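Trainee: Below is the sequence, then the predicted model.
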Amino acid sequence: MHPLAPPDVPLFVAGPDGSDVLFSLTSVLVVSVAIWAIGFSLYLYHLPASKGDVLGKTKSQIVLLLTSLALLTGNNALWIVALFIAVVSIPDVFAPLRSLADSAATLAEMSKKQNQSTPKAAASEAE
């Protein structure tokens, strides 16, 4: 150390060899945070697609398309819609209606068979 330099030099002052410890630590921190932020944002953008893998083929394709468009355009509304589609399960409203229609068809067939057999029985009794 130089004889005229004060004995208690702060850490942020560069040494005579040009090494700057504070700049080096800050550079490493900024690069680390940038890499982490990029990885986290890609994870967030991939989240609907990873949830969409357990869905049906069509729903999964819609989610993947929306997340790709959101990633390329930077439009967050598309990503939110994709996440909503991936997370929310739309109930099957047609299954009960199909069951009701099948039951009605079965009742109609039974009624038709009963009406066909009744006139024959009445005609045979009348003879």
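Mentor: Yep, that arrived. In this text, all values refer to a predicted model and were calculated from it rather than measured experimentally.

Trainee: ok, and the helix or strand in this structure with the lowest average confidence?
Mentor: Among the helices and strands of the chain, helix 94-126 carries the lowest confidence by mean pLDDT, DSSP states H and E, at a mean of 78.

Trainee: Now do the same contact list for the residue positioned nearest the centre of the chain.
Mentor: Residue closest to the mean C-alpha point of the chain, counted by CA atoms, centre = their mean, is Pro48 at 1.9 Å. Remark: with contacts taken as CB atoms under 8 Å, 6 or more residues apart in numbering, Pro48 is in contact with Val63, Leu66, Thr67, Trp79, Ala82, Leu83, Ile85, Ala86, Val87. Quick note: C-beta positions are derived from backbone N, CA and C, even for glycine.

Trainee: Got a ChimeraX select line for the buried ones in those?
Mentor: For selection in ChimeraX, the members of these meeting the burial criterion (16 or more other CB atoms under 10 Å) are listed in this command:
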select :63,66,67,79,82,83,85,86
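
Trainee: May I see the contacts of Pro48 arranged in a markdown table, with secondary structure and distance to Gly18 as well?
Mentor: Formatted as a markdown table, the entries for these read as follows, by DSSP: H, G, I helix; E, B strand; the rest coil; distance: CB to CB, whole Å:
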| residue | secondary structure | distance to Gly18 |
| --- | --- | --- |
| Val63 | helix | 53 |
| Leu66 | helix | 52 |
| Thr67 | helix | 47 |
| Trp79 | helix | 46 |
| Ala82 | helix | 51 |
| Leu83 | helix | 50 |
| Ile85 | helix | 56 |
| Ala86 | helix | 53 |
| Val87 | helix | 54 |
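
Trainee: Quickly name whichever of the contacts of Pro48 is closest to Asp102.
Mentor: Compare each of those with Asp102 using CB to CB and the shortest gap goes to Ile85, at 30.2 Å.

Trainee: Please consider this matter closed, and thank you.
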